[in-house]
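**Student:** structure of the sequence below:
(2 chains)
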Amino acid sequence: MPRLAISYCEQSLRSFSVCSSIRPVESLNPRSFILALVQCRHRNEIKRVHAYAITTSMIRNLGVANKLMYIYADHKDLHNASALFSRMDHRDNVSWSVMVGGLAKTGDYLRCLEIFREFVRSGACADNFTIPFVLRVCRDTESVRMGLEIHHLVYKFGLQSDVFVAAALVDMYVKCGFLEDARKVFDKMRTKDLVSWTVMIAGYAECGNPGEALVLFDRMQESGIVPDKVMMVTVAFACAKLGAMHKAKIVHEYIGRRNFSLNVILGTAMIDMYAKCGSVDAAREIFDRMNEKNVITWSSMMSAYGIHGHGRKAIELFPQMLESGIRPNRITFVSILYACSHAGLIDEGRRFFYSMWREYLVEPDVKHYTCMIDLLGRAGRLDEAIELIENTPVEKDEGFWGAFLGACRIHGNIQFAEKAAKALLELCPRNAGYYVLLSNIYAKFSRWEDVAKMRELMTSMRVKKTPGWSWIEINNEIHQFRVGDKNHPRSKEIYEMLKVLSEKLELAGYVPDTNFVLHDVDEELKAAYLYTHSEKLATAYGLLATPEGTTIRIIKNLRVCGDCHTFMKLISAITQREIVFRDANRFHHFKEGSCSCGDYW
DNA sequence: ATAGGGTTAG
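**Tutor:** Take a look at the predicted model:
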């Protein structure tokens, strides 16, 4: 042994006997080694124990070697874990599992799969540990093939009824976006457990069906399973997606009843939940009650203010965050620029944009540029926006051009609108939204031939408009509406209500803004079509089904239509109701005839 | 030796 190594070992021995619980040395056995390893806090300590295990030959004990590998991996020291693994002359399933799991956790997917393949090829039986570990490698659409292969292995080794294996399979399909396959595995599980419910519910919430997520959550509780904190984070996430304020309050109550402490993740999820359900004040209350806040917590709160149009409050948080020792990241700046943009705070936004890189070393990416285009565009500084476009060093994506197109639309600049729209249609010819936007712009200028051309183009490209949906939560039930919807049991009353309202509004001088109707039909028909927009149906139903004076909360999956926006402002005045409306972009608080967005969205 | 959780432009 080289001298250096010997002296290292001696040194290790000395310091080891001082710092570890193993003494006297005579009592050395695998168990005391494992105990010492569990207590290691730093990599150096692990190395010392490692060296000691070598000098005492304890390393030959499989239990000790495996534990050592596990501890290295746990400290993200895959280098030493691998070195140890490759030197082992005898390995069992634990050794392989630890290696596979460690590589998967640190994101070294290629090595992970390599080791796993070697393991299977050696003729060993995969078990309920190796499978969940290796499944971590499959977490996006591209890797689902690998996931399927592993799923076959699960059958081959007869592991399909193991709870851990099944839960990992459900999770794998969810993460790859194959919700139906996830559900199939989930439904086959005989013992279900909390984790598999959580991944399934999270899957629905993530993939655009938060309503189903909440249904599943109720069913889980009916089956007698008691939710834990992680589950409540997932449910809060689903409530946020759905904007279901009533459910949100139930979640909050439940968390209180169970005395769940507001850790940083649960607290942040609740901030986001309340903000997206329409109450920025409730979000702030949670924020103030949290002891531990990290950069995600602060960014969430800024974003909460942003979507509600309180740009200044978002900005106020920034120095407070710095003072508490938290550094901003990319997302913090997206949140704050978004807040500036939606509140018309041009100078402030510009200042953040220029300081983010210089002062905080956060390099602006395309999202930050998009916020700036949006900010300048909304403020009518199209020329400045155009200049920025020319000097944007990052690759422009659809969101970027989308923001610019929106700006052109607001200011009626048809030349640049066409330029932006063409870039968009080239970039994403399958997205119906951009055809519709350009079409709306043509409609605004009464260029009906071009409107028709767009419609033809959409037909020939086989793109369909994303159907608009609005929904409202009444008595813990979600009521959904589409344009012209007549499926609601109280449909008749809803249309009567709309008729009464429209007469009142027209008396007050309201003229339907038919620019927002795509079709080239005569004015009266266009107006009639406008009256059946989903957000108007939901508003009318809200007025019918809730007590006078209460706030109406409505959500739409797309952006609010301009005419509906005017409509709701007036409704808030003549009915003395507050309407909190969430569209795909932000919140609109309608009160006494005006909107918190300042008609600026 | 096992799994599940929060923020982001248009």
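**Student:** what residues sit buried inside stretch A:485-501?
**Tutor:** By neighbour count on 16 or more other Cβ atoms under 10 Å, the buried set for stretch A:485-501 is A:485, A:488, A:494-495, A:497-498, A:501. C-beta coordinates here come from the backbone N, C-alpha and C atoms, glycine included.
**Student:** and what of stretch A:426-436?
**Tutor:** Quick answer for stretch A:426-436 (16+ other Cβ under 10 Å): A:428, A:431, A:433-436.
**Student:** stretch A:312-331 now?
**Tutor:** For stretch A:312-331, a neighbour-count test (16+ other Cβ under 10 Å) marks A:313-315, A:317-318, A:321, A:326, A:328, A:331 as buried.
**Student:** quick one: the strands in chain A?
**Tutor:** Ranges of strands within chain A are A:469-474, A:477-482, A:552-556, A:579-582, A:587-591, A:594-595, based on DSSP state E.
**Student:** as CSV, those strands with distance to DNA strand B would be great.
**Tutor:** What follows is those, written out as CSV (distance: least, Cβ to the nearest atom of the strand, whole Å):
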stretch, distance to DNA strand B
strand A:469-474, 17
strand A:477-482, 20
strand A:552-556, 14
strand A:579-582, 12
strand A:587-591, 12
strand A:594-595, 16
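**Student:** please identify the most buried of these.
**Tutor:** strand A:552-556 (a mean of 25; mean count of other Cβ atoms under 10 Å).
**Student:** partners of it in the sheet?
**Tutor:** Its sheet considered, strand A:552-556 pairs with strand A:469-474 (antiparallel), strand A:579-582 (parallel) by DSSP bridges.
**Student:** among those strands, which comes closest to A:K367?
**Tutor:** strand A:579-582 (20.9 Å; Cβ to Cβ).
**Student:** ok, back up a step: most widely separated two among the buried residues of stretch A:426-436?
**Tutor:** Largest pairwise distance in those, by Cβ to Cβ, is 13.0 Å, between A:C428 and A:V436.
**Student:** re the thing from before, closest to DNA strand B out of the buried residues of stretch A:312-331?
**Tutor:** Nearest to DNA strand B among the buried residues of stretch A:312-331, counting by Cβ to the nearest atom of the strand, is A:I331 at 4.0 Å.
**Student:** could you pull out the helices for the stretch 1-150 of chain A?
**Tutor:** A:3-19, A:30-38, A:43-55, A:62-74, A:78-87, A:93-105, A:109-121, A:130-135, A:144-156 (DSSP state H, counting those that start in this stretch).
**Student:** where do the contact lists of A:C428 and A:V436 overlap?
**Tutor:** With Cβ atoms under 8 Å, 6 or more residues apart in numbering applied, the contact sets of A:C428 and A:V436 do not overlap.
**Student:** kindly reformat the buried residues of stretch A:312-331 as a markdown table containing pLDDT.
**Tutor:** Formatted as a markdown table, the buried residues of stretch A:312-331 follow (pLDDT from 0 to 100):
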| residue | pLDDT |
| --- | --- |
| A:K313 | 97 |
| A:A314 | 98 |
| A:I315 | 98 |
| A:L317 | 98 |
| A:F318 | 98 |
| A:M321 | 97 |
| A:I326 | 97 |
| A:P328 | 97 |
| A:I331 | 98 |
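**Student:** which of the residues you listed sits closest to A:R553?
**Tutor:** A:K313 (21.0 Å).
**Student:** for the stretch 1-150 of chain A, which residues are neighbours of DNA strand B?
**Tutor:** Within the stretch 1-150 of chain A, the positions near DNA strand B by Cβ under 7 Å from any atom of the strand are A:66-67, A:70, A:93-94, A:97-98, A:127-130, A:132, A:136.
**Student:** and the furthest pair within these?
**Tutor:** Farthest apart among these by Cβ to Cβ are A:K67 and A:R136. That separation is 21.1 Å.
**Student:** do I have it right that A:K247 meets A:N476?
**Tutor:** Yes - applying Cβ atoms under 8 Å as the test, A:K247 and A:N476 come out as touching, 7.1 Å apart.
**Student:** re earlier: what's the most buried one of the helices of the stretch 1-150 of chain A?
**Tutor:** Of the helices of the stretch 1-150 of chain A, the one with the most neighbours on average (mean count of other Cβ under 10 Å) is helix A:130-135, at a mean of 26.
**Student:** what mean pLDDT does stretch A:369-388 have?
**Tutor:** Mean per-residue pLDDT for stretch A:369-388: 92.
**Student:** okay, whichever residue of the stretch 451-600 of chain A sits closest to DNA strand B: pLDDT?
**Tutor:** Proximity of the stretch 451-600 of chain A to DNA strand B (Cβ to the nearest atom of the strand) peaks at A:N585, 4.8 Å away. A:N585 is assigned a predicted lDDT (pLDDT) of 87.
**Student:** can you tell me the closest non-neighbouring residue to it?
**Tutor:** A:R559 (5.7 Å; Cβ to Cβ, 6 or more residues apart in numbering).
**Student:** quick one: low-confidence residue ranges for the stretch 251-400 of chain A.
**Tutor:** Scanning the stretch 251-400 of chain A for pLDDT under 70 picks out nothing.
**Student:** ok, now which ones touch the closest residue to DNA strand B within the stretch 1-150 of chain A?
**Tutor:** At 2.9 Å from DNA strand B, A:F129 is the closest residue in the stretch 1-150 of chain A, using Cβ to the nearest atom of the strand. Residues in contact with A:F129 (Cβ under 8 Å, 6+ apart) are A:93-94, A:97, A:101, A:164.
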